[in-house]
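Chemist: Just a sequence and a predicted model for now, questions to come.
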Amino acid sequence: MSKVTITIVAGAEADFMSLLEPGEHPLWTGHPQSGLRLLQPVGAERVCLATTLVAVAAMWAFYPTIVSRETLEASDVAVVFALVTAIFALVLLWAAVVRQHVLSTLFYIVTNRRCIVCRRGRNWHLGDRLYVVSNVHSKTYPYEISPTRPYPSLRVGTLIDKNELQPFGFGLTHPGQPPSWVYRTTVPVAFEQIPDVQELLEIIQARTG
């Protein structure tokens, strides 16, 4: 059973070592290994990008056919197509910015007691905060490896309401996550884009036995 807890630590000087409880020590630390750059789409974002590019290319491919009709002006059609293309470009840019912002502020810790996901961000007062989500190791919890691209991800918890952790409007989710990760009332807490995810799972399972 998932036992996720949320902690918010104030101050820019807060670090992950200050989060550890007495007798708790880190076994593994890491962060996402892909998606940290703007032009580095991950997961479902790649599918959206490819689909949008194909749609825009198909739209412009029909341009000569449409303007050949005497009822339409070539300049009017070009303006409409250009606006649609610009809207698609802005949507893709927004998705890339959100994904880069979320993944670049994530930090992961596995201790002898918990799995911890940290995010540094600012609240609506622009105060620096360290947002911490942790899940106590449990042999009954179904840790799951998701085949995200280019590297897999490991689910280590579940939040009932994703709005519980939304520093500066961006929470633990981002447009690059697979569509299956988007639920109406729950959102997975995961170590995303981890190359050695199987080894990491074995480290966690060794503590749950």
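Modeler: Arrived safely, thanks for sending.

Chemist: Report the beta-bridge partners for G30.
Modeler: Beta-bridge partners of G30, counted by DSSP bridges, are Y108.

Chemist: so what pLDDT did Q193 get?
Modeler: The per-residue pLDDT reported for Q193 equals 95.

Chemist: ok, now A74?
Modeler: As predicted, A74 sits at a pLDDT of 78.

Chemist: what's the burial count for it?
Modeler: By the criterion of other C-beta atoms under 10 Å, A74 has 12 neighbours. Any C-beta I mention is one placed from the backbone N, CA and C, and that applies to glycine too.

Chemist: give me every residue that touches it.
Modeler: Counting by C-beta atoms under 8 Å, 6 or more residues apart in numbering, A74 touches V67.

Chemist: how about the helices of this protein, start to end?
Modeler: In the chain, the helices defined using DSSP state H lie at 44-61, 63-67, 74-104, 197-208.

Chemist: how about JSON lines for those helices, with distance to C118 added?
Modeler: Formatted as JSON lines, the helices of the chain follow (distance: least, C-beta to C-beta, whole Å):
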{"stretch": "helix 44-61", "distance to C118": "23"}
{"stretch": "helix 63-67", "distance to C118": "49"}
{"stretch": "helix 74-104", "distance to C118": "12"}
{"stretch": "helix 197-208", "distance to C118": "16"}
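
Chemist: Select, out of these, the one closest to R113.
Modeler: Among these, the nearest to R113 by C-beta to C-beta is helix 197-208 (7.6 Å).

Chemist: Give me the mean pLDDT for that closest one.
Modeler: Here helix 197-208 scores 93 as its mean pLDDT.

Chemist: tell me the contacts of the residue nearest to the spatial centre of the chain?
Modeler: Closest residue to the average C-alpha location of the chain: H174 at 3.8 Å, with C-alpha atoms, centre = their mean. Residues in contact with H174, defined by C-beta under 8 Å, 6+ apart, are 98-99, 101-103.

Chemist: follow-up on the earlier one: and the helices of the chain: which comes nearest I116?
Modeler: Proximity to I116, assessed across the helices of the chain by C-beta to C-beta, is greatest for helix 197-208 (11.6 Å).
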